[in-house]
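>>> Next comes the sequence, and after it the predicted model I'd like to discuss.
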Amino acid sequence: MNKEWSEKNKRMQSLVGRETTFAEGIDVLVDLRKDLFSQISYIADAFPKEAFYHMPFAGADGYHSKTLVYSMWHIFRIEDIVTHTLISGDEQVLFSGGWQEKTGSPIITTGNELKGEEIAEFSKKLDVEAVFHYCEAVMESTNEMLRSLTYTDLKRCFSEEDKNRVKDSHCVSTDKDAVWLVDYWCEKDIRGLIKMPFSRHWIMHIEAMCRIKDRLCQKARKGTDPIARCGLSCNHCFLKEWCGGCRTAYNTCSDAMNQPGKVCPNTSCCMEKHIDGSYECDQIIDCRKGFYGYDDVNAVKAMALFTRKYGKKELLKVMDQLHREHDFEKIQEVLGNDLEEGLRILEKNYRKVAVLKV
């Protein structure tokens, strides 16, 4: 489990359990949920449509065996049912907001009953953007409910009438892999539901989503040119585990994420000029587009200039050497912020690599 999320979850549980710190605990819970939801936002915003119905771990034993959009649907259908039908006794967001029609979902259940290829086929039918906005709406409504709770509400239990209300909603399948949920929820008190599904359930599934997206990025990068259009070596970027790079549809490069269409200025310029990368441009020295506009990442331009002079294969060899020596996270830690100094360091290590080769 993600250490930061785990620690925040433990702190929240401790605070909520004491009357004097209950309100603070709810604030921590809402903040934890905000952190977790940012991961969903990142994925929904950055990844191509096909990413959401692929199953890179199909057949595996665990939450990561699903798809990205199934995971989103599952997390928030459970939350919608528990928040509204069970706890508040009012209308679910799915129905009040017309989200079944908007998302294109053929089901109103949690999806627990779906298996293997059924999950992939279900995922293909969903409008990912609409599902994301449904998730947002459910999260906001649940946060509002959580903030309305008092410490005495923690011990509130549920009756047979509550259980029947959930069953009668037909939002939980009668399939053996789903029907158990009704008893599971109704046997808990409010404090128990804060643990599952309002916090831990999120953590488990969102961690699985991160694992899925990382594998999709790694598969996308396999066999592609590891040198980005701007000149950066994707093999040595701190994002390499969860970014497919600008030469794939799984580009989550930090600069691209802040641009229209998720295409960074360096990439769009290269595509307009029909060149492989900025290292082929005769205007590179004075260029201030994209990464070249940041004074603290001149290391990227230094790599581009090195590639222009010595080639991509030699850059990768030098970068491997530098990484073995310095185990850096960001290349500017080694090359610094000065363009000429960065290029000098690369060339110095190029000569070192040449000597070692001999």
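Yep, it's here. Numbers count the residues shown, from 1 in each chain.
>>> mind checking the SS state of residue 50?
Using DSSP: H, G, I helix; E, B strand; the rest coil, the three-state assignment for residue 50 comes out as helix.
>>> What is the burial count for it?
Using other Cβ atoms under 10 Å, residue 50 has 11 other residues around it. In short, each C-beta sits where N, CA and C put it, glycine included.
>>> ok, for it, nearest residue in space, not its chain neighbours?
Spatially, and ignoring its direct neighbours in sequence, residue 50 is nearest to residue 249 (7.7 Å; Cβ to Cβ, 6 or more residues apart in numbering).
>>> got the contact list for the one you found?
By Cβ atoms under 8 Å, 6 or more residues apart in numbering, the contact list for residue 249 reads 48, 50, 51, 220.
>>> where's it relative to residue 288, distance?
Computed with Cβ to Cβ, to the nearest Å, the distance linking residue 249 and residue 288 is 28 Å.
>>> With residue 347 instead?
Distance of residue 347 to residue 288, computed by Cβ to Cβ: 24 Å.
>>> Looking only at neighbour counts, state which of these two leads.
Each of residue 347 and residue 288 had its neighbours counted (other Cβ under 10 Å), and the higher figure belongs to residue 347 (16 against 11).
>>> tell me which element the closest residue to residue 338 other than its chain neighbours is part of?
Leaving aside its chain neighbours, residue 338 sits nearest to residue 298 (6.4 Å; criterion: Cβ to Cβ, 6+ apart). Here residue 298, judged by DSSP states H and E, is contained in helix 298-310.
>>> could you say what helices and strands the helix or strand that that helix is followed by packs with?
Once helix 298-310 ends, the next helix or strand along the chain (criterion: DSSP H and E) is helix 312-326. Packing contacts for helix 312-326, counted by 3 or more Cβ pairs under 8 Å, 6 or more residues apart in numbering; DSSP states H and E, involve helix 298-310, helix 332-335, helix 339-357.
>>> packing partners for the longest helix along the chain?
With residue count as the measure and DSSP state H as the assignment, the chain has helix 22-46 as its longest helix. When contacts are defined as 3+ Cβ pairs under 8 Å, 6+ apart, helix 22-46 sits against helix 3-16, helix 68-80, helix 128-148, helix 200-221.
>>> between those helices, which gets nearest to residue 38?
Residue 38 lies closest, by Cβ to Cβ, to one member of the helices and strands packed on helix 22-46: helix 200-221, at 9.7 Å.
>>> you'd agree the residue nearest to residue 50 is in a strand?
No. The assignment for residue 249, made by three-state DSSP, is coil rather than a strand.
>>> how close does it sit to residue 138?
Note on residue 249: its distance to residue 138, by Cβ to Cβ, is 28 Å.
>>> Over to residue 51?
Applying Cβ to Cβ to residue 51 and residue 138 gives a distance of 22 Å.
>>> Show residues contacting the one helix or strand residue 94 maps to.
Per DSSP H and E: residue 94 is located in helix 93-96. Defining contact as Cβ under 8 Å, 6+ apart, one finds that helix 93-96 is touched by 77, 80, 84, 99, 100, 108, 134, 137, 138, 141.
>>> So what's the residue count around the first one?
A count of neighbours around residue 77, defined by other Cβ under 10 Å, yields 26.
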